[in-house]
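Undergrad: my questions are about this predicted structure, shown below with the sequence.
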Amino acid sequence: MATEVPALPGVSYVIPVLNEVAYIENAIHTVLGQDYAGERELILALGPSSDGTTELVQRLAAADERIVCVMNPGTDIPVGLNLAIRASRYPIIVRVDAHSELEPGYTREAIATLNRTGAANVGGVMKARGKTPFQSAVARAYNSRFGLGGGSYHGGAEEGPAESAYLGVFRREVLDEVALFDESVRRGEDWELNLRIRAAGHSVWFDPSLEVTYWPRENWPKLVRQFCATGIWRGELVRRYAGRNPWRFFAPPLLVLVAVLSLVLLVLQVTDVVTGWPSLVLSLIYLGPVAYLVLVLLLSFSPAGGPRWSDRWRFALVLPTMHLSWGAGFIVGLVRGARDTVDTSRTGI
């Protein structure tokens, strides 16, 4: 078990930043506004933004000595995180996302949980929110166990040991022990890091009293690119860590495969290539897509889909977009590996 940290240890917040001019200022304000009496610093790893993010952050840093900027010439999140961590001074590392906002008591409560449990990393609940109708639909999908597969940090789980953690409040000594983030993993870096932390004999802890607001992608193209890239990297992680991935990660690629096979069978049946009893037996494959469609519609047109009919139709389109993009990406990553895949929803390409 890790050693107990002081009641008010110094805290270093780290944020990788790239093209986040619409979100980063609020993220910074929630960090600097933490209800925590210990020493604090905020280190931002600035990628080559093209939307004015870097200039905005540098203006904020000039006005507050607690803000430190380091340059991240690339766009990779784990590289930026490692640059920020190496530049940090304090024994507690709090990861923050540019699309996230911390509750005022987040740091204080997380450190208390670290001491109470002896964990190496503590995380809480991701509460997705939206500013537009589309973003709100995506947020509802994020908050649904059906939407993102039931990870503990999407809500509904009891406090206790966890496979991974959203963002995370880390003991710096443990991060150093496991050699920080793996810079060859461009997506899914949290899961991979927490896997190594647990393999080193430490625990990762989920505390549902900790909540973080998250703002999802704002439009369909960005959502598709984000989930496709994430799926590709999950396929890569399955290649690297076969047998150590939860079963839920295989549901979206299975859905994609069944949907493709159903379309192929439909063409063969319409063109009379497949007829008779073989056609009847093979038609059982349609049960998969039909069951999925019914489930999506039932969930979308329940109160969970939104207060208005337009919200519910939007939600009914967002769910398959997330699942099919992720599943297709997973198959690509599993077959050929992630290679140099990047999440272009961040770069603006």
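TA: Cool, got the structure.
Undergrad: contacts and neighbour counts: CA atoms only from here.
TA: Fine.
Undergrad: where does the prediction get shaky in the protein?
TA: Low-confidence segments of the chain (pLDDT under 70): 1-6, 149-156, 348-349.
Undergrad: tell me which residue lies farthest from the centre of it.
TA: What lies farthest from the middle of the chain is residue 276; by C-alpha atoms, centre = their mean that is 47.1 Å.
Undergrad: against which helices or strands is whichever strand or helix holds residue 114 packed?
TA: Secondary structure assignment for residue 114, by DSSP states H and E: helix 106-117. Packed against helix 106-117 by the contact rule (3 or more C-alpha pairs under 8 Å, 6 or more residues apart in numbering; DSSP states H and E) you find strand 121-128, strand 204-214.
Undergrad: what about the strands in the protein?
TA: 11-17, 40-46, 67-71, 92-95, 100-102, 121-128, 160-161, 166-171, 204-214 (DSSP state E).
Undergrad: kindly reformat those as CSV containing mean neighbour count and distance to residue 270.
TA: CSV is the format used below for the strands of the chain (neighbours: other C-alpha atoms under 10 Å; distance: least, C-alpha to C-alpha, whole Å):
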stretch, mean neighbour count, distance to residue 270
strand 11-17, 26, 51
strand 40-46, 24, 55
strand 67-71, 18, 58
strand 92-95, 24, 54
strand 100-102, 24, 50
strand 121-128, 26, 44
strand 160-161, 14, 52
strand 166-171, 24, 47
strand 204-214, 21, 46
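Undergrad: using CSV, lay out those strands together with distance to residue 254.
TA: Formatted as CSV, the strands of the chain follow (distance: least, C-alpha to C-alpha, whole Å):
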stretch, distance to residue 254
strand 11-17, 33
strand 40-46, 37
strand 67-71, 40
strand 92-95, 33
strand 100-102, 31
strand 121-128, 26
strand 160-161, 29
strand 166-171, 26
strand 204-214, 28
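Undergrad: looking at the ones you listed, which is closest to residue 294?
TA: For residue 294, the closest of those is strand 121-128, at 24.8 Å, according to C-alpha to C-alpha.
Undergrad: what's next to the closest one, contact-wise?
TA: With contact meaning C-alpha atoms under 8 Å, 6 or more residues apart in numbering, strand 121-128 is reached by 110, 113-114, 139-140, 142-143, 152-155, 165-171, 203-216.
Undergrad: repeat that with 7 Å
TA: 110, 114, 139, 142-143, 153-155, 165-171, 204-216 (C-alpha atoms under 7 Å, 6 or more residues apart in numbering).
Undergrad: again with stretch 86-104
TA: The contact list for stretch 86-104 (C-alpha under 7 Å, 6+ apart) reads 9-15, 17, 20, 23-24, 26-27, 30-31, 33-35, 167-172, 211-215.
Undergrad: quick one: closest of the helices and strands packed on helix 106-117 to residue 58.
TA: Smallest distance to residue 58 across the helices and strands packed on helix 106-117 (C-alpha to C-alpha): 23.3 Å, for strand 204-214.
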